[in-house]
Each structure stands twice: as C-alpha cells, then as structure tokens.
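Novice: Sequence and predicted model, in that order:
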Amino acid sequence: DDVHIFHETLGKSSEASIEPEKESDPFYRYLRTLIKKIKSVKTRALVLDDELKRLEIRYYNLTGDDSPRCTYAASNQYTYKGPLVRPDDRCYSLVCNSYSAIGKRGAHLAEEVLRRYEKHGGDSYNSRLLTGVMKAWAFADDWDKADFWLMTMENRYKETGDPNNAPKSITYSLYIKALSSSKKLETDAAEKSLEILDKMRDLYISGENAFALPTRFTYSSVMKCQERAFGGVKAVERVEDLYRQLE
C-alpha cells in the first residue's frame, strides 16, 4: 500500500528517475494475489514467506538442513501451482515488506529473508531489498537498526554508483512515515523527519542522488510528524512552511 501511495503522488519531474518495472513473473503475480486475499497482516507475512521457501526448496533442490522450515502450519492451503521459476529480488522484497507490520520479530525474519536471497546466489543486495528490511526495523521502532540499513544503502551507492543500489525517494519516505508513528522518538521524530527531508533535497539538487527527489508522499509524512509532535499553532506554522516549500 505504501508503494502504491508513493507512485500515485509522484510528480512528472520524478517519474523519469524511477526504474521501470520488469515484466511480472508468475510467482511474483501469485504473491501479489495473496497480499490482497489474506487480511491478517501476521498471517499474510508468514504465508508469503512459506510460499517463497517452498519455491526455493523446489527450484534449488534443497534437502536436510539446507531446506528452510515453513512456520505457518495452515499455509498448506496456499500452494503455488504455476511454472517452476527462480524467485527474483521483487519476490524477496514483497516478503520483507510484509514483515514490517509485525514488530521486531518481523524485522528479524525480514533479515533472514535477505540472508536466504544471498545464500541462493542472488545478485548483490540492492535498494529494493534493503528498503524492505529498513522499513521493517523502522516500523518496529528500532532506529539503530533502521539507520544501519539506510546507511548501508547510502554507502553502497557512493561506492558503486549503481542506480540499483541508490536509496530512492520511497526509501526515505517510508523512513519518515515510520517516524510519524514512532512511540520511542516522540518529539525528536519531528526534527529527524526534517533532517531527512533536507538530506533528500540536497542529494537531489546536488546531483549526488537523482532518485532522492521528495514527493507529496514525503511531505505529507513530514507534516504528520510536526502535527503529532507539537499540535496547536506551532504545528500549523510548521506545516504551512512545509506546504510553501512543497509548492
């Protein structure tokens, strides 16, 4: 849902900076249908991961200790029956993102998904995958871990210059959205959201990261941080300043 909101709020100036999606493979489409079908966020995350594990077992011929264990017993009712395909980074990213709704346990499980991707010879971690893990830690209110993964993305992009490693607008925007619901940072979240927004603008304007252009989704999340932290006239003044900047 966050990704859909993000793309709906993209301005024309930023559309060119977003990499085009590859054609969906049948397993990726199948996972998308499960996301719509399963209402419980916890059940959805575990089922998606179990389906990914089953495909890994089949595709890589895994046995014994190399075979990942499914965790949701009732997930046998969801069994992928399509062609045998290698799950790509989008499939792993969907699973990582699904774990962002179930706290620290989900964040740990998202990291396990990332390790399995690497184990099975996936391409080097890219920002699509790492954004999912960062999001899981951010919504778990563990900002040390969230900052670690965000910094990992930023450093990898500086080292490689590969657009696939660049933290995108959605990466920073999801970080800020998590700040707007943080119980740990409280009023500090408002200032931190402004710091991230300034960083995005500086990176984009300087040309250091052409993918970091803030969107309306970014600004609305920063505004929510101000409203939640301050309230009253002070919040109104801060939101108005942000609105003028957005204009």
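Specialist: Structure's in. What do you need? Numbering: from 1, shown residues only.

Novice: and the most centrally placed residue in the chain, what does it touch?
Specialist: Central residue of the chain (C-alpha atoms, centre = their mean): G132, 3.2 Å from the mean position. Contacts for G132 (C-beta atoms under 8 Å, 6 or more residues apart in numbering) come out as 92-97, 99-100, 110. Every residue, glycine included, has its C-beta placed from N, CA and C.

Novice: Redo those as a markdown table? Include neighbour count and distance to V236.
Specialist: Listed next are these as a markdown table, based on neighbours: other C-beta atoms under 10 Å; distance: C-beta to C-beta, whole Å:
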| residue | neighbour count | distance to V236 |
| --- | --- | --- |
| Y92 | 26 | 42 |
| S93 | 25 | 38 |
| L94 | 23 | 38 |
| V95 | 28 | 41 |
| C96 | 31 | 37 |
| N97 | 25 | 33 |
| Y99 | 31 | 36 |
| S100 | 24 | 31 |
| A110 | 29 | 37 |
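
Novice: ok, so of these, who is nearest S221?
Specialist: Nearest to S221, judged by C-beta to C-beta, of the contacts of G132 is S100 at 14.9 Å.

Novice: Could you pull up the residues touching the residue nearest to V239 when sequence neighbours are not counted?
Specialist: The shortest distance from V239 to any non-neighbouring residue, by C-beta to C-beta, 6 or more residues apart in numbering, is to M223 (4.8 Å). Counting by C-beta under 8 Å, 6+ apart, M223 touches 238-239, 242-243.

Novice: filter those residues to the buried ones?
Specialist: For the contacts of M223, a neighbour count by 16 or more other C-beta atoms under 10 Å gives the buried set as 238-239, 242.

Novice: M134 and K53, how far apart?
Specialist: 22 Å (C-beta to C-beta, to the nearest Å).
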